[in-house]
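**Q** requesting a structural model of the entry that follows:
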Amino acid sequence: MESINRIREHFADSVKVKQDSVDSLAPLIARAAGLMTECLLADGKILACGNGGSASDAQHFAAEMIGRFERERPELPAISLSTDTSILTAVANDYSFEQVFARQVRALGAKGDVLLAISTSGNSANVIAAIGAARERDMRVVALTGKGGGRIGAMLSADDSQLCVPHERTARIQEVHLLMIHCLCDAIDNALLGDEA
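**A** Numbering: from 1, shown residues only. Just a heads-up that it's a prediction; the model follows:
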């Protein structure tokens, strides 16, 4: 019975965080989706990165862009920077783990592209380095963070977009990040394809 109560608490906490943050996050998600849509319409691409569960979120976003979200549409250019083990291990071994995403951003990123930078703490050193590399390439940044935004929140400019989950618990932040990714995908599709009939 104790495990059932704990499970119920997880569900209740997850719902509460989402309900408590929807009013503050909805306009920011819409703005971030606008930045991404503008990039895609200008023949740009979206590069996505994160560590651990956030790496999975980056991969999930890229899959939704290249495959589809909920509607059929042409493929959209998005690359997860956390999936190539040869690049990740070579860069980590020859340089440092802090550079695993930054070197890919410098190699693949171009002016007008967008970096989707995901860090629940806002303090992931390799995501911060990727944002620095994006600056070098004149790219805009959409950052998914939590816990007040950390160092990432402090380094973003007015041209960027930060979607900071107002919570301290990593699991809850990740759950809202996934919801925000789905919202971004839906908003991009809606902008490109129009309202569903």
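**Q** hang on, residue 145 in a helix?
**A** No. Counting by DSSP: H, G, I helix; E, B strand; the rest coil, one finds residue 145 to be strand, located in no helix.
**Q** skipping adjacent residues, who's closest to it in space?
**A** residue 122 (4.0 Å; CB to CB, 6 or more residues apart in numbering). To be clear about C-beta, it is placed using only N, CA and C from the backbone, and glycine gets the same treatment.
**Q** same check on residue 115?
**A** Nearest to residue 115 is residue 134, by CB to CB, 6+ apart, at 4.2 Å.
**Q** secondary structure element for the one you found?
**A** helix 125-136 (DSSP states H and E).
**Q** and the strands in this structure?
**A** For the chain, the strands defined by DSSP state E cover 46-49, 78-80, 114-118, 140-146, 161-165.
**Q** could you dump those strands into TSV with mean pLDDT and distance to residue 103 added?
**A** Output for those, formatted as TSV (pLDDT from 0 to 100; distance: least, CB to CB, whole Å):
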stretch	mean pLDDT	distance to residue 103
strand 46-49	98	11
strand 78-80	98	14
strand 114-118	98	13
strand 140-146	98	17
strand 161-165	98	24
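**Q** in TSV: the ones you listed, plus mean neighbour count and distance to residue 69.
**A** Shown next, in TSV, are the strands of the chain (neighbours: other CB atoms under 10 Å; distance: least, CB to CB, whole Å):
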stretch	mean neighbour count	distance to residue 69
strand 46-49	28	14
strand 78-80	23	11
strand 114-118	28	15
strand 140-146	26	16
strand 161-165	23	18
